[in-house]
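Peer 1: generate coordinates for the sequence data below:
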Amino acid sequence: MATALITGASSGIGLELGRQFAAGKHDLVLVARSRDKLQALADRLQQEFGIKVDVIAMDLATEDAAAALYATLQQQNLQVDYLVNNAGFGNNIMFAEMQSEDALQMIQLNISTLTHLTRLLLPGMLARRHGRVLNIASTAAFMPGPTQAVYFATKAYVLSFSEALADELAGSGVTVTVYCPGPTHTGFADRAHMSEAPMFKLNAMSAEVVARGAYRAMMRGQSMAIAGLFNNLLIFSTRLTPRWLVRKITRWLTDGRA
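Peer 2: Now for the predicted structure:
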């Protein structure tokens, strides 16, 4: 039975991804900051699906988080077959008004920890010639994001890194999938102070639907997939739209101002 490690697993898309993998009869390693939430989820999944679930409570926004997580996996003799890099956060604020610590933590979690953890777990997958990596990016990866400049930029990195890695690993037995949801009903909007933003009122998807799409894309070995028809049409339209107009539209979607 394969084991999937899911970061940011205590709520939102990460929680629903846990349910998708559990329904597929995969054992789980759930990682997030809240041990209580993780353990409650682990208990439910073990009871409902009869799988083994380990929980690791850890703040992945710190510089040594990936190394510490990898060391914990080795100490507990946990082999990871599927890596799901889901943890991430954003903030809806002008960059000049953003706290430097918030910007650096966002880059650490959304980029550095994702990259380092992938690098640490990839050699084992390659040696076994079996494994999958699922990176959760965003439709934000395809455009600049005024009032969310750092967040959008981090997701552009995740998209580019994942697609390049997928090509490098072709024929190795290991696949890499980057999944790009649009606005999704999770705690993200509240943390980013965006609950009233037009983008969340117009076309927000449920976390369950997003997680189901991400799981299927990963299991099919797709290198990249975008969640939902509306989001696919939106991203296609950005290729035909002048960049200055893309910026204006994105600004309106994120905070209601153009």
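
Peer 1: please enumerate the strands of the stretch 101-250 of the chain.
Peer 2: 131-136, 174-180, 184-185, 205-206, 224-226 (DSSP state E, counting those that start in this stretch).

Peer 1: between the ones you listed, which gets the lowest average pLDDT?
Peer 2: Ranked by mean pLDDT, the strands of the stretch 101-250 of the chain end with strand 184-185 at the bottom, a mean of 77.

Peer 1: sorry, back to before: I'd like the strands of the stretch 101-250 of the chain laid out as TSV, including distance to residue 21.
Peer 2: C-beta coordinates here come from the backbone N, C-alpha and C atoms, glycine included. Below are the strands of the stretch 101-250 of the chain laid out as TSV (distance: least, Cβ to Cβ, whole Å):
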stretch	distance to residue 21
strand 131-136	10
strand 174-180	14
strand 184-185	18
strand 205-206	18
strand 224-226	17
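
Peer 1: so which of these gets nearest residue 166?
Peer 2: Minimum separation from residue 166 across those (Cβ to Cβ) falls at strand 174-180, 4.0 Å.

Peer 1: buried residues, stretch 118-138. List them.
Peer 2: Within stretch 118-138, the residues that qualify as buried are 118, 120-122, 125, 131-138, counting by 16 or more other Cβ atoms under 10 Å.

Peer 1: helices of the stretch 101-250 of the chain, residue ranges please.
Peer 2: Per DSSP state H, counting those that start in this stretch, the stretch 101-250 of the chain carries helices over the ranges 114-128, 149-168, 188-191, 198-202, 207-220, 229-238, 243-255.

Peer 1: any weak-confidence spans in the stretch 101-250 of the chain?
Peer 2: 186-202 (pLDDT under 70).

Peer 1: got the contact list for residue 37?
Peer 2: 10, 11 (Cβ atoms under 8 Å, 6 or more residues apart in numbering).

Peer 1: mean confidence for the helix or strand harbouring it?
Peer 2: Using DSSP states H and E, residue 37 sits within helix 35-49. The average pLDDT within helix 35-49 is 96.

Peer 1: next, the angle from the following helix or strand past that helix to helix 35-49.
Peer 2: Following helix 35-49 in sequence order, the next helix or strand is strand 53-57 (DSSP H and E). Counting by axes from the mean of the first three to the mean of the last three Cα atoms, to 10 degrees, strand 53-57 lies at 170 degrees to helix 35-49.

Peer 1: tell me how far strand 53-57 is from the chain's mean position?
Peer 2: 18 Å (Cα atoms, centre = their mean, to the nearest Å).

Peer 1: list the contacts of the closest residue to residue 162 other than its chain neighbours.
Peer 2: Nearest non-adjacent residue to residue 162, counting by Cβ to Cβ, 6 or more residues apart in numbering: residue 178, 3.4 Å away. By Cβ under 8 Å, 6+ apart, the contact set of residue 178 is 134, 135, 136, 137, 158, 159, 162, 163, 166, 223, 224, 225.

Peer 1: how about a cut-off of 7 Å?
Peer 2: By Cβ atoms under 7 Å, 6 or more residues apart in numbering, the contact set of residue 178 is 135, 137, 158, 159, 162, 163, 224.

Peer 1: just residue 10 next, same as before
Peer 2: 32, 34, 37, 38, 41.

Peer 1: out of the residues you listed, which comes closest to residue 172?
Peer 2: Among the contacts of residue 10, and counting by Cβ to Cβ, the member closest to residue 172 is residue 32, at 29.5 Å.

Peer 1: who does the closest one form a beta bridge with?
Peer 2: residue 57 (DSSP bridges).

Peer 1: any idea how far it lies from residue 250?
Peer 2: Taking Cβ to Cβ, to the nearest Å as the measure, residue 32 falls 29 Å from residue 250.

Peer 1: ok so, going back, which one of the buried residues of stretch 118-138 is nearest to residue 229?
Peer 2: residue 138 (16.8 Å).

Peer 1: pretty sure the closest one is touching residue 181, no?
Peer 2: Yes - with contacts counted by Cβ atoms under 7 Å, residue 138 reaches residue 181, the gap being 6.3 Å.
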